[in-house]
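Asks: pasting the structure only:
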């Protein structure tokens, strides 16, 4: 599971708010990489999204980056909202 929230112009703070997180450390890193690579348009307008990340291949042992998540056959994203 992973979540993404973008709101515009919070009155009490005077700025926008973006929160993006997964269920654990690797999940959060992979999810943020996927948002940046596949869903960057989500930062243009307010939205709330919950997704399920389905790993079709094992996470590489001690990966140096999350670049492996760029391969859509590695991680499937099922949007639930």
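Replies: Nice, I can see it. It should be emphasised that the depicted structure is a prediction, and the values quoted were computed from it without experimental measurement. Numbers count the residues shown, from 1 in each chain.
Asks: Name the residues of stretch 24-35 that are buried.
Replies: The neighbour-count check on stretch 24-35 (16 or more other Cβ atoms under 10 Å) flags 27, 28, 30, 31, 32, 33, 34, 35 as buried. Any C-beta I mention is one placed from the backbone N, CA and C, and that applies to glycine too.
Asks: Report the mean confidence score over that stretch.
Replies: Averaged over stretch 24-35, pLDDT sits at 93.
Asks: which residues touch the residue minimising distance to the centre of the chain?
Replies: Note on the chain: the residue nearest the mean C-alpha position is residue 31, at 3.1 Å, using Cα atoms, centre = their mean. Under the criterion of Cβ atoms under 8 Å, 6 or more residues apart in numbering, the neighbours of residue 31 are 2, 4, 20, 21, 22, 51, 53.
Asks: mind redoing it with 10 Å?
Replies: Each residue near residue 31 by Cβ atoms under 10 Å, 6 or more residues apart in numbering is listed here: 1-4, 20-23, 39, 51, 53, 66, 69, 75, 77.
Asks: do the same with residue 24
Replies: Taking Cβ under 10 Å, 6+ apart, one finds residue 30 in contact with residue 24.
Asks: Would you check how far apart it and residue 11 are?
Replies: In this view, residue 24 and residue 11 are 33 Å apart by Cβ to Cβ, to the nearest Å.
Asks: How about residue 25?
Replies: Computed as Cβ to Cβ, the residue 25 to residue 11 distance reads 33 Å.
Asks: so what's the backbone phi/psi at residue 29?
Replies: When read as degrees, to the nearest 10, the backbone of residue 29 gives phi -60, psi -40.
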